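S.K.: Model the structure of this input:
(one chain, ligands or ions: 2)
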Amino acid sequence: MSVEDCLFCKIASGEIPASRVFEDDVCIAFNDISPQAPTHILIIPRQHIDSLDKAQTGDRDTLGRLLQTAADIARDRGFADDGYRVVINTNADGGQTVFHLHVHLLGGRPFIFPPG
Ligand code: AMP
Ligand code: ZN
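M.R.: Ligands and ions are numbered 1, 2, ... in the order given. As a prediction, the model looks like this:
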């Protein structure tokens, strides 16, 4: 699939609407359309990266910013002390369905481990 056809690139550009909760020069965070927890936010890089599997050494700062953004949102929303789950589904066995790297931030309920 080309970057031009990428759903999350279209959300990043504004071509497709999303319920944005945060954005900066590197990341955009928006509510997942099919929430699996009281808070379910996706954090994506503006730059297209297919998956964690495709991340390069030059993407290190971007990867750090995605995780830092997840932690900041969890604190801002007040569920950091209770705890939360951060997930990066990667490739087919990892359950990835949208091939633009994204971090799931799930909070507001307990989670079991390992996930299914
Ligand atoms: P993954 O299975 O890890 O690739 O996650 C993709 C996520 O994107 C799923 O949790 C979907 O519910 C979510 N999703 C798909 N389309 C949209 C959309 N248009 N806006 C917000 N979230 C979406
Ligand atoms: Zn993309």
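S.K.: Can you confirm whether the longest helix along the chain lies near ligand 2?
M.R.: With residue count as the measure and DSSP state H as the assignment, the chain has helix 60-77 as its longest helix. No - using Cβ under 5 Å from the ion, we find that helix 60-77 stays clear of ligand 2, coming within 12.9 Å at best. From N, CA and C alone the C-beta is placed, and that goes for glycine too.
S.K.: Could I get the average pLDDT for stretch 67-76?
M.R.: For stretch 67-76, mean pLDDT is 98.
S.K.: picking that back up, so what touches the longest helix of the chain?
M.R.: With contact meaning Cβ atoms under 8 Å, 6 or more residues apart in numbering, helix 60-77 is reached by 21-22, 24, 26-27, 29, 39, 41, 43-45, 47, 49, 52, 55, 80, 84, 86, 101, 103, 105, 107.
S.K.: hmm, 6 Å instead?
M.R.: 26, 27, 43, 45, 80, 84, 86, 103, 105, 107 (Cβ atoms under 6 Å, 6 or more residues apart in numbering).
S.K.: Now list the buried members of those residues.
M.R.: Taking 16 or more other Cβ atoms under 10 Å as the criterion, what is buried in the contacts of helix 60-77 is 26, 27, 43, 45, 84, 103, 105, 107.
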